[in-house]
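Engineer: Sequence and computational prediction follow.
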Amino acid sequence: MSIKHYGVVGHPIGHTLSPFIHSRLMELAGIEGEYGIYHITPEEFDTSFKKLLTEVDGLNITIPYKQAVIPFLDETDSTASLYGSVNTISVSPSGKTCGYTTDGIGFCNALKAAGIPIGRNVTVIGCGGVGRVFVNSCLANGAEHINILETESAADRARDFSESINERYGSGTAEVFETQKFDGESDLLINASPVGMYPNIGACPINDTVIGKSAFVFDAVYNPYETLFVKKAKSLGKKAITGMTMLVYQAAAAQTIWNGVSFEAEDINKIAEDCYKKIV
């Protein structure tokens, strides 16, 4: 059996847990494979990414390239096309490439495992690739209204996205606010931005007032073990989790795409626990 070659592409990417997670998953599934880290700067992205696609069997994509990779692929599946975001790429033996997003699967499974409902009114901080996945996943699972929060510099991008959501789901489904000016209530408050990620652990993406007006909190950031955002939510009596379980669930979904394997919930939970031990 030939060794499979996988890896994760991003910038910056020095503290990723993906090699550890995928090595564990491949071990459980009896797959002989290697998983590398590919740090590609924006300046070299076009050339380096094209070359990389000829050298691997599959890739995971993280910040900031979940949208940038799409033009380089032969095709995307229906979910990735709808969300406008790719976090997983398969490369066939003939070299054909297809993009998928497993973030939505990981997100929904993580919320379910934690006993956190999506609710009807959701606020999403950040409108990048993963933020778009969260918005669409919430709307597909019962949410009726989405507040999209962005910085002033990214407001145009957020408005374009909200218009596409309103065309699909109905006028007023999505509204855009400047992050620091928002003061509304939420059934679920989601951080889909990198704010608070290691090493910038003293940053919080939203003020305490908004956190206090939210029933549940989810932070896509998984390093540190508890972000300042999650700590503040818990101090205010809110049920809150970081993105570690989501990270493992979406990795498991990637392995399903690449190798047709599946995993038990207890295996996912054990890997997530071991990941937390590595970063505490």
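Structural biologist: Here it is on my side, so go on.
Engineer: Could you use CA atoms for every contact and neighbour count after this?
Structural biologist: Will do.
Engineer: give me the low-pLDDT residue ranges for the stretch 101-250 of the chain?
Structural biologist: Across the stretch 101-250 of the chain, nothing is flagged by pLDDT under 70.
Engineer: Strands of that one, residue ranges please.
Structural biologist: 121-125, 145-150, 174-178, 186-191, 214-219, 239-241 (DSSP state E, counting those that start in this stretch).
Engineer: got these as a markdown table, with distance to F107 and mean neighbour count columns?
Structural biologist: Listed next are these as a markdown table, based on distance: least, Cα to Cα, whole Å; neighbours: other Cα atoms under 10 Å:
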| stretch | distance to F107 | mean neighbour count |
| --- | --- | --- |
| strand 121-125 | 13 | 25 |
| strand 145-150 | 16 | 25 |
| strand 174-178 | 20 | 20 |
| strand 186-191 | 11 | 25 |
| strand 214-219 | 9 | 24 |
| strand 239-241 | 11 | 22 |
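Engineer: Dump these to CSV, plus distance to F49.
Structural biologist: Converted to CSV, those look like this (distance: least, Cα to Cα, whole Å):
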stretch, distance to F49
strand 121-125, 29
strand 145-150, 28
strand 174-178, 33
strand 186-191, 28
strand 214-219, 29
strand 239-241, 33
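Engineer: Please, where are all the helices along the stretch 51-200 of the chain?
Structural biologist: 78-83, 103-114, 129-140, 155-169 (DSSP state H, counting those that start in this stretch).
Engineer: List the buried residues for the shortest one?
Structural biologist: Of the residues in helix 78-83, those buried under the neighbour-count criterion (16 or more other Cα atoms under 10 Å) are T79, A80, Y83.
Engineer: Show me what it is in contact with.
Structural biologist: Residues outside helix 78-83 that contact it (Cα atoms under 8 Å, 6 or more residues apart in numbering) are V86, G99, Y100, T101, G129, R132, V133, N136.
Engineer: re the thing from before, single out the most deeply packed of the helices of the stretch 51-200 of the chain.
Structural biologist: helix 129-140 (a mean of 23; mean count of other Cα atoms under 10 Å).
Engineer: pretty sure G131 is touching V122, no?
Structural biologist: No. At 11.8 Å, G131 does not count as touching V122 under the criterion of Cα atoms under 8 Å.
Engineer: For Y38, grab phi and psi.
Structural biologist: phi -120, psi 100 (degrees, to the nearest 10).
Engineer: can you check the one 3 residues further on too?
Structural biologist: Comment: the main-chain dihedrals of T41 come out as phi -80, psi 160, following degrees, to the nearest 10.
Engineer: do the same with the one 4 residues further on
Structural biologist: The phi and psi values for F45, taken as degrees, to the nearest 10, are phi -60, psi -50.
Engineer: From H11, how far out is it?
Structural biologist: 10 Å (Cα to Cα, to the nearest Å).
Engineer: ok, back up a step: out of the contacts of helix 78-83, the closest to V248 would be?
Structural biologist: The closest of the contacts of helix 78-83 to V248 turns out to be T101 (Cα to Cα; 13.8 Å).
Engineer: OK, contacts around the closest one?
Structural biologist: Contact partners of T101, counting by Cα under 8 Å, 6+ apart, are T79, A80, S85, V86, N87, T88.
Engineer: what does W258 give?
Structural biologist: D57, G58, S90.
Engineer: For ChimeraX, what selects the buried ones among these?
Structural biologist: The following ChimeraX line selects those of these that are buried, judged by 16+ other Cα under 10 Å:
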select :57,58,90
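Engineer: Count the neighbours of the residue nearest to N269 when sequence neighbours are not counted for me.
Structural biologist: Counting by Cα to Cα, 6 or more residues apart in numbering, N269 lies nearest to T245, which is 7.1 Å off, once chain neighbours are set aside. Neighbourhood size, T245 [other Cα atoms under 10 Å]: 27.
Engineer: you'd agree T245 is up against A110?
Structural biologist: Yes. With contact defined as Cα under 8 Å, T245 reaches A110; the gap is 5.5 Å.
Engineer: Sweet, I'm off.
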